[in-house]
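Enquirer: just to be clear, the model below is a prediction. Sequence and coordinates:
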Amino acid sequence: MQALTQRSRAVDRKPLTLWERIYLPAVLKGMTITFGHMFKKRPTINYPEKTRPFSPVFRGLHVLNRDEEGRERCTACGLCAVACPAEAITMEAAERKNGEEGLYREEKYAARYEINMLRCIFCGLCEEACPKDAIYLSETFAPSNFARKGFIYGKDDLLIPNPKTQPEELAKARGEA
Amino acid sequence: MIRRDLNGMTLLAFDWIFLIEKLVLIAVIITASLVIAMYETYAERKVAAWMQDRRGPNRAGPFGLLQPLADGGKLFFKEEIIPNSANKWLFILGPSLAMLTAMMTCAVVPWGSSLHLFGRVIDLQVADINIGILYVFGVVSMGVYGIMIGGWASNNKFSLLAALRGASQVISYELAMGISLIALLMMTGSLSMKTIVEQQIANPHWWNIIYQPLGFLIFFTCAMAECNRAPFDLPEAESELNMGYHQEYSSMKLGFYLFAEYINMFISSAIMATLYFGGYDIPFVNEASLAPNTAAILGVLSLLTKIFIFIFVFMWIRWTLPRFRYDQLMDLGWKKLIPLALANMLITAVVILLKNH
Ligand code: SF4
Ligand code: SF4
């Protein structure tokens, strides 16, 4: 019969020799192996102190983007919500009033924008669907909370700091400071 | 005790200082063995982790050093469950007995020579009884009742089975242990642990391990079995009998069982170090050339070092070898260790006879 893998080896079913039956040599051999492992490098990363570097396309928690002038980019078109396979995104649109040009980039904006992080599967389809480059998946992950309510992230959780008024916060959020 | 009356007091005038001295010694030894047992749990987890390329507990305190305290605290605050169908008194007696017997063996181990303080000579041994080893054996074999009673009182068939296995294991290995010890006792001619250590310290004489390597090996194997350590941890067998005899136990009663195991490990390491590795003898140093107090303290440290090495070896073996199957365990005990121990005893006897003639 042909072997299924190249790594298969015939099992040796010969009765044990006296040397093997003494058992102690085998014990000592095993003990040298375990002792050697005491000095091996450990693959574990001490997580909260050290983090594993992520690839640039890592899909973590979302952020809502602003443009260079600090205006919200989202125009509440709803494409992300449509694209979302987990139906995690809810939004309410509103019309920009006069005098709000500095706040919102487009004439229509999202008055309410919520992502349920418990529903979200972090597939990144919302990011791909957005015509305005308004939503991105960041490198933050592992949200934690005491109640389910806390996992519904609103605009204040999602929006990045304003590059005009809060440059330090932005730099910190980017991990640059 | 009359022997120890160094200040020339008679027995009638009861030596209160002697009593206080011993009480302090007992307190120190008990505290020390509890603390050591506590940190054995930590060491066990660390050693296991290292051998498996992990890091082990490192969250509670620096290097995770507070982990045993956290574990102990957790056990204390857990709900105390006594099963309805359990025999309440026996259920409580089980872990108490396990703990009691584990602690009682400390009494005869000579932890060091003697300190000279305030014009008194203080022996670093609770009781130098002339049947020291026999006492240890007696107490240790009572330890099996802790397991048996615990398993029986739980009124649970799995616990009972585990207790049965534990009892038969301990009894079979005690036999080989006893016989391997007889060979040693034929050489020393004394059952007192202090005498055995002093003989090893005496200069022309080496440590007993040189004369009794096979005996030591048998003793060590059996000690591992008596402590219910892997590869002989059949009574416990977490993966097969879901925790074995302490399955129904919770809270600090469970903690006592686990703790007793670690104290047992400490004591059996102490006994092995005493019997075969010169006890508080400092290797390559002539104790008589040091001041008595320094010698005593260094001796205690040397004994502790030996004990820690043994404890490490215990753990090392535990994380190397898989558990024996039950028939293999019995096979090893009855068909291999006992004949070996008998042969060892006969050879020793013949050699001693030849030497004396
Ligand atoms: S990442 Fe995927 S699941 Fe999450 S909100 Fe975006 S589209 Fe929905
Ligand atoms: S985030 Fe993008 S896709 Fe979603 S509503 Fe806003 S503009 Fe449209």
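Expert: It's in. Ligands and ions are numbered 1, 2, ... in the order given.

Enquirer: can you show me the helices along chain A?
Expert: Assigned by DSSP state H, the helices in chain A fall at A:18-22, A:24-37, A:79-83, A:125-129, A:155-158, A:167-173.

Enquirer: in a markdown table, list those helices along with mean neighbour count and distance to residue B:306.
Expert: The way it works is simple: take the backbone N, C-alpha and C, and place the C-beta from them, glycine included. Formatted as a markdown table, the helices of chain A follow (neighbours: other Cβ atoms under 10 Å in any protein chain shown; distance: least, Cβ to Cβ, whole Å):
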| stretch | mean neighbour count | distance to residue B:306 |
| --- | --- | --- |
| helix A:18-22 | 10 | 27 |
| helix A:24-37 | 13 | 19 |
| helix A:79-83 | 18 | 69 |
| helix A:125-129 | 17 | 64 |
| helix A:155-158 | 16 | 60 |
| helix A:167-173 | 14 | 55 |
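
Enquirer: do you know which of those helices lies nearest residue B:192?
Expert: Nearest to residue B:192 among the helices of chain A is helix A:24-37; the distance by Cβ to Cβ comes to 32.0 Å.

Enquirer: packing partners for that closest one?
Expert: helix B:16-51, helix B:292-318 (3 or more Cβ pairs under 8 Å, 6 or more residues apart in numbering or on different chains; DSSP states H and E).

Enquirer: return the most buried member of those.
Expert: helix B:292-318 (a mean of 19; mean count of other Cβ atoms under 10 Å in any protein chain shown).

Enquirer: any part of it near chain A?
Expert: Yes: using Cβ under 8 Å from any Cβ of the partner chain, helix B:292-318 reaches chain A at B:316, B:317.

Enquirer: point out where the chain drops to low pLDDT.
Expert: In the absence of a named chain, chain A is used. Applying pLDDT under 70 to chain A flags the ranges A:1, A:176-177.

Enquirer: wait, I meant chain B there
Expert: Residues of chain B that meet the criterion pLDDT under 70 lie in B:1-14, B:203-205, B:237-243.

Enquirer: mind listing the helices for it?
Expert: Listed in chain order, the helices of chain B (DSSP H) span B:16-51, B:67-77, B:88-104, B:132-153, B:157-188, B:193-201, B:208-211, B:213-226, B:251-276, B:292-318, B:326-330, B:338-356.

Enquirer: could you check the angle the first one makes with helix B:292-318?
Expert: Here helix B:16-51 runs at an angle of 40 degrees relative to helix B:292-318 (axes from the mean of the first three to the mean of the last three Cα atoms, to 10 degrees).

Enquirer: just send the helices of chain B back as a markdown table, with distance to residue A:53 too.
Expert: Formatted as a markdown table, those follow (distance: least, Cβ to Cβ, whole Å):
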| stretch | distance to residue A:53 |
| --- | --- |
| helix B:16-51 | 25 |
| helix B:67-77 | 30 |
| helix B:88-104 | 49 |
| helix B:132-153 | 51 |
| helix B:157-188 | 48 |
| helix B:193-201 | 58 |
| helix B:208-211 | 52 |
| helix B:213-226 | 45 |
| helix B:251-276 | 40 |
| helix B:292-318 | 35 |
| helix B:326-330 | 48 |
| helix B:338-356 | 57 |
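
Enquirer: dump the helices and strands packed on helix A:24-37 to JSON lines, plus distance to residue A:123.
Expert: Listed next are those as JSON lines, based on distance: least, Cβ to Cβ, whole Å:
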{"stretch": "helix B:16-51", "distance to residue A:123": "36"}
{"stretch": "helix B:292-318", "distance to residue A:123": "46"}
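
Enquirer: among these, which is nearest ligand 1?
Expert: Among those, the nearest to ligand 1 by Cβ to the nearest ligand atom is helix B:16-51 (36.5 Å).

Enquirer: what helices or strands is that closest one leaning on?
Expert: Applying 3+ Cβ pairs under 8 Å, 6+ apart, we find helix B:16-51 packed against helix A:24-37, helix B:67-77, strand B:120-123, helix B:251-276, helix B:292-318.

Enquirer: how far is the fourth one from where the chain is centred?
Expert: The chain centre lies 5 Å from the centre of helix B:251-276; the measure is Cα atoms, centre = their mean, to the nearest Å.

Enquirer: what's the angle from it to helix B:157-188?
Expert: Our comparison of helix B:251-276 with helix B:157-188, counting by the same axes, to 10 degrees, yields an angle of 20 degrees.

Enquirer: returning to that earlier point: of all the helices and strands packed on helix A:24-37, which lies closest to ligand 2?
Expert: So among those, helix B:16-51 is nearest, using Cβ to the nearest ligand atom, at 45.7 Å.
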